[in-house]
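Asker: here are the coordinates; sequence isn't available:
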């Protein structure tokens, strides 16, 4: 792999950019791999990358039914934060956030991580108390957050209307080191690094069956033929239930559509990420100038990657109240992704009823921000066969044993 | 936007007049059940790609709970029916079979 650098750009500029090589290979599947990872989204590629980097396992295939990063990795609102209430969540999301800080250097790929700060508005007395509690919890967890006043909110984001008639802004939970990153670049950067380590990324290769003998996975059937493996990892977000069914077990989750939209590009107006969970909408401004807006999930199970239009109306209504200046903005694009939501709104990373099959799923609406942390933990799980400290509490058995990591209460709805 | 018909008051209305209530036909387990049974009842879901049975409440109408049969891949609604039942009535099953040949009613846990 040729390194990307300012010298490489200068060299290529002198020869009409004729010397760039492909960022990743498109290989023909081998008969067998040590590890097969289903799903070449952020989490699947990160899992493969840390398997190679931390454990030296490089005989790996990453199988993707569409194109890499074409699912939720390319459909989210790119927010990165780790201000969670529960200790296990704060630990894994903070690990992810800290890995994002050096990701561009680690991958030699510019993921445009922008630690611009994330604020979660408190618009009711209950939210004020809840966020103060989260700030105290974060202090104990070593995650730097603070509760800031409404005046400070106005200072950081002057376009916010803090004295709205329905829900005036009373303060905010502020994580200065949170921010955004280029979501596609995260997938592309990991893919390039994985391909460079000799791993095979098999795109347009859909898994049609999981073969197991005596409680152990021996391989998968795909649209490009059968592929054998020593270990299997299922990292397919919204489609987890479907793959689990092929493997012969069930998951405590449901797949629903989550929508986002972007406006026409405007001049720089907002240099932080703002989340308003009471009125339910969140917004940041991309480098192109578009307002990136995320809303809520539908009330029903869905695999269509589109949701009900009334949710967009609700989201936009809430944001117009919070940011009156956007009322005449035109919206350019709107899309949906299928997220896998568990009973306690926390992810599942752990072993499955099949001994050599591991799963990373259930991130619900918080998958993007956790990509490096989730990949790090899943790689450790696959390499050692047992969960490491980052994901010990996130196993499937927590639903039987009642040890929930209850972020649906702690973090509201928007992740 | 889904269009649902309330089997009680006969009104056909948009989804915003109803409120989704999750998977239907779950087996409830009582105090003496095993932990696995409780997990099945509280958390395990079919989450199928295809025919799904679910509960809705006609909140901005008669207020009653109803069941709907719907496809999660196309968002097509096969029909709605009374919630006081352990499995979908025959006309709903027939309507699904007409659109999805080979479909079978499973025993939900």
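Answerer: Everything's here; your move. Predicted model, so just to flag it, every value in this text is computed and none were measured.

Asker: Say whether chain A is contacted by the helix ranked longest in chain B.
Answerer: Using DSSP state H, we find that the single longest helix of chain B is helix B:90-99. No - Helix B:90-99 lies apart from chain A when judged by CB under 8 Å from any CB of the partner chain; the minimum separation is 15.7 Å. Backbone N, C-alpha and C define where each C-beta goes, glycine included.

Asker: Could you list the buried residues of stretch B:25-39?
Answerer: B:25-26, B:29, B:37-39 (16 or more other CB atoms under 10 Å in any protein chain shown).

Asker: what helix or strand is residue A:198 on?
Answerer: Assigned by DSSP states H and E, residue A:198 falls within no helix or strand.

Asker: One more: residue A:359?
Answerer: strand A:357-361.

Asker: ok so, going back, quick one: average pLDDT of the longest helix of chain B?
Answerer: On average, the pLDDT along helix B:90-99 is 95.

Asker: need the strands for chain B, in chain order.
Answerer: B:3-5, B:12-14, B:19-23, B:51-57, B:65-71, B:77-82 (DSSP state E).

Asker: mind listing what's buried in the last one?
Answerer: Using 16+ other CB under 10 Å as the test for burial, strand B:77-82 gives B:77-81.

Asker: What residues does chain A have near chain B?
Answerer: Going by CB under 8 Å from any CB, the residues of chain A near chain B are A:239, A:241-242, A:250-255, A:298-304, A:308-310, A:342-343, A:399-402.

Asker: so residue A:282 makes contact with residue A:272?
Answerer: No - taking contacts as CB atoms under 8 Å, residue A:282 lies outside contact range of residue A:272: 11.2 Å.

Asker: Pick out whichever of the two has more residues nearby.
Answerer: residue A:282 (26 against 21; other CB atoms under 10 Å in any protein chain shown).

Asker: Who's the closest spatial neighbour of that one, skipping the chain neighbours?
Answerer: residue A:275 (4.0 Å; CB to CB, 6 or more residues apart in numbering or on different chains).

Asker: gap between the two ends of stretch A:106-118?
Answerer: This stretch, stretch A:106-118, spans 24 Å end to end (CA to CA, to the nearest Å).

Asker: in it, what's buried?
Answerer: A:106-107, A:109, A:111-118.

Asker: now what about it, what contacts it?
Answerer: A:3-4, A:49, A:79-81, A:83, A:99-101, A:103-104, A:156, A:174-182, A:185-186, A:188-190, A:192-193, A:271-273, A:275, A:284, A:287 (CB atoms under 8 Å, 6 or more residues apart in numbering or on different chains).

Asker: Any of these buried? List them.
Answerer: Judged by 16+ other CB under 10 Å, buried ones among those: A:4, A:49, A:79-81, A:83, A:99-100, A:103-104, A:156, A:174-182, A:185-186, A:188-190, A:192-193, A:272-273, A:275, A:284.

Asker: Which helix or strand lies directly C-terminal to the helix or strand where residue A:283 lies?
Answerer: In the assignment (DSSP H and E), residue A:283 maps to strand A:281-285. As assigned by DSSP H and E, the chain's next helix or strand after strand A:281-285 is strand A:291-301.

Asker: Paired strands for that next one, with orientation please.
Answerer: strand A:253-263 (antiparallel), strand A:281-285 (antiparallel) (DSSP bridges).

Asker: Take the ones you listed and lay them out in a markdown table including mean pLDDT.
Answerer: A markdown table is the format used below for the strands paired with strand A:291-301 (pLDDT from 0 to 100):
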| stretch | mean pLDDT |
| --- | --- |
| strand A:253-263 | 94 |
| strand A:281-285 | 94 |
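
Asker: Let's have the ones you listed in TSV, adding distance to residue A:127.
Answerer: Shown next, in TSV, are these (distance: least, CB to CB, whole Å):
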stretch	distance to residue A:127
strand A:253-263	22
strand A:281-285	14
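
Asker: so which of these comes closest to residue A:393?
Answerer: strand A:253-263 (16.9 Å; CB to CB).

Asker: Show me how far that closest one is from its chain's centre.
Answerer: Relative to its chain's centre, strand A:253-263 lies at 13 Å (CA atoms, centre = their mean, to the nearest Å).
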